[in-house]
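Asks: this one's sequence-less:
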Ligand SMILES: Nc1ncnc2c1ncn2[C@@H]1O[C@H](COP(=O)(O)OP(=O)(O)OP(=O)(O)O)[C@@H](O)[C@H]1O
């Protein structure tokens, strides 16, 4: 390749990047969010935009507010009676704290995968069909199609297609976690929240889930809380570093890990604390 060709290619790439960055829609816009558990302030003036079809990683030491932030995005945190919030979170331009915005509706757009796979003591089929049934779908043929599509989407169909009516407890931990992801996909969400989804899995299952996350971002926006910095670096497009309830730094994942702007980020990613 000649120097001119290389320059043209780089210019084109830069142009595309600038254009695509410019156009990437914001899914969640968090504005001046603070949260208290009783008297204790767990989130402090958070401002964070989450972009469509990206994987956003939330990292930081234990107790810095990662899970609290994630659970605020689907308002699950409100299950704790002492919780109080200030500020706003816009989901697709709609303030999720608005009294007129039903939490049930929010949860049809936002699925969640937890640290430990929480399959129901039912068949694999029932686990996946559960959400669509609640949404009112009764037709068996349609449910069968949803179950197959979701299991394929979660890259577990081939492993379970011959035992679809067997109890989900018979699956390995890694398979159960992918089943939970399939259950999430069955409600056709817009966003998937993942709270340390691989921390209970062995390295091979972890890799499978990471590959899956990479493929799922073509259709969904994913926010993942992880303790594992290599994982954040591998799977995410952007990373937010939380510390003591604050966002210290939020940027392109490659930038955050290669040239962090804040000394505290640098100390954390180089293992000096946390
Ligand atoms: N239900 C609760 N009631 C009271 N305080 C809570 C509750 N849940 C979390 N906290 C407090 O809020 C702060 C943030 O906790 P959170 O679980 O969000 O942190 P985290 O970064 O996800 O931690 P970890 O990495 O250990 O899971 C901590 O000080 C924690 O003790």
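Replies: Great, that's in hand. What you are looking at is a predicted structure, and each value in this text was computed from that prediction instead of being measured.
Asks: What is the strand or helix carrying residue 88 packed up against?
Replies: Using DSSP states H and E, residue 88 maps to strand 83-91. Other helices and strands packing on strand 83-91, by 3 or more CB pairs under 8 Å, 6 or more residues apart in numbering; DSSP states H and E, are strand 26-37, helix 66-73. For the C-beta atoms, the positions are set from N, CA and C on the backbone; glycine is no exception.
Asks: The helix or strand following it pairs with which strands?
Replies: Next along the chain after strand 83-91, taking DSSP H and E as the criterion, comes strand 94-95. Strand pairing for strand 94-95, using DSSP bridges, gives strand 83-91 (antiparallel).
Asks: Okay, buried residues for the partner strand please.
Replies: Judged by neighbour count (16 or more other CB atoms under 10 Å), strand 83-91 contains these buried residues: 83, 85, 87, 89, 90, 91.
Asks: just the helices in the stretch 51-200 of the chain please.
Replies: 66-73, 103-109, 124-134, 140-153, 157-160, 173-185 (DSSP state H, counting those that start in this stretch).
Asks: who wins for proximity to the ligand among these?
Replies: Closest to the ligand of the helices of the stretch 51-200 of the chain is helix 66-73 (CB to the nearest ligand atom; 3.2 Å).
Asks: tell me what the closest one is packed against?
Replies: Packed next to helix 66-73, using 3+ CB pairs under 8 Å, 6+ apart, are strand 26-37, strand 40-51, strand 55-59, strand 83-91, strand 191-195, strand 221-225.
Asks: got the residues of the chain near the ligand?
Replies: With CB under 6 Å from any ligand atom as the criterion, the chain meets the ligand at residues 37, 40, 42, 60, 62, 63, 64, 65, 66, 67, 68, 80.
Asks: Would you list the buried entries among those residues?
Replies: 42, 60, 64, 65, 66, 67, 68.
Asks: picking that back up, nearest to residue 245, out of the helices of the stretch 51-200 of the chain?
Replies: For the helices of the stretch 51-200 of the chain, the distance to residue 245 is smallest for helix 66-73, at 8.1 Å, taking CB to CB.
Asks: Can you list phi and psi of residue 171 for me?
Replies: Taking degrees, to the nearest 10, you get phi -90, psi 160 for the backbone angles of residue 171.
Asks: hang on, it packs against residue 119?
Replies: Yes. Residue 171 lies in contact with residue 119 (CB atoms under 8 Å); the separation is 7.4 Å.
Asks: Find the residues that touch each one of those two.
Replies: residue 179 (CB atoms under 8 Å, 6 or more residues apart in numbering).
Asks: got any ranges where this structure has weak pLDDT?
Replies: For the chain, applying pLDDT under 70 flags the ranges 1-22, 274.
Asks: repeat that with 80
Replies: Across the chain, the ranges flagged by pLDDT under 80 are 1-23, 273-274.
Asks: Burial check on the residue nearest to residue 125 when sequence neighbours are not counted, number of neighbours?
Replies: Excluding the flanking residues, the one nearest residue 125 by CB to CB, 6 or more residues apart in numbering is residue 164, at 4.9 Å. Using other CB atoms under 10 Å, residue 164 has 16 other residues around it.
Asks: ok, now residue 200?
Replies: Residues lying near residue 200 (other CB under 10 Å) number 16.
Asks: List phi and psi for the nearest residue to it once chain neighbours are set aside.
Replies: Excluding its sequence neighbours, the residue lying closest to residue 200 (CB to CB, 6+ apart) is residue 116, at 5.2 Å. When read as degrees, to the nearest 10, the backbone of residue 116 gives phi -100, psi 130.
Asks: Now do residue 203 against the ligand, distance only.
Replies: Residue 203 sits 20 Å away from the ligand, taking CB to the nearest ligand atom, to the nearest Å as the criterion.
Asks: Could you double-check that residue 74 sits in contact with residue 112?
Replies: Yes. Taking contacts as CB under 8 Å, residue 74 lies within contact range of residue 112: 6.0 Å.
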